[in-house]
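Trainee: Below is the structure, and that's it, no one-letter string:
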């Protein structure tokens, strides 16, 4: 086995503990190879969906970005922004 770093990433499907709440949790699973060759796994949980699109777009504009929402090839809604020239 070479000493090359192990880079693995996985995202588990989001789950909603309260169906009436628009926020959800996303769990990210990360496998890391240590210098000695041992592999450890970390879980990183994110609470997502706390702010709506309009709030995010306002914040981007406050930071001088021309921002909009677009669809990607997987049908997800993503933010696209370009820093305005001063």
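Mentor: Sure thing, it's come through. Nothing here was measured: the structure is a model prediction, and the numbers come from that model.

Trainee: Secondary structure element for residue 54, which one?
Mentor: Element membership of residue 54 [criterion: DSSP states H and E] is helix 53-62.

Trainee: quick one: strands adjacent to the next helix or strand after that helix?
Mentor: Downstream of helix 53-62, the next assigned helix or strand under DSSP H and E is strand 65-71. Using DSSP bridges, the strands paired with strand 65-71 in its sheet are strand 77-83 (antiparallel).

Trainee: picking that back up, can you give me the buried ones in the helix holding residue 54?
Mentor: 57, 60 (16 or more other CB atoms under 10 Å). For the C-beta atoms, the positions are set from N, CA and C on the backbone; glycine is no exception.

Trainee: oh, and call the first residue 58 from now on, that's how I've got it
Mentor: Done: numbering now begins at 58, and the last item shifts to helix 110-119.

Trainee: pLDDT averaged over it - what is it?
Mentor: For helix 110-119, the mean pLDDT works out to 92.

Trainee: Give the other helices and strands that that helix contacts.
Mentor: Under the contact definition 3 or more CB pairs under 8 Å, 6 or more residues apart in numbering; DSSP states H and E, helix 110-119 sits against strand 122-128, strand 134-140.

Trainee: Any idea which of these gets closest to residue 95?
Mentor: Nearest to residue 95, of all those, is strand 134-140, at 36.5 Å by CB to CB.

Trainee: Now the closest one: average pLDDT?
Mentor: 89.

Trainee: Please enumerate residues in contact with it?
Mentor: Outside strand 134-140, the residues that touch it by CB atoms under 8 Å, 6 or more residues apart in numbering are 110, 113-114, 117, 121-129.
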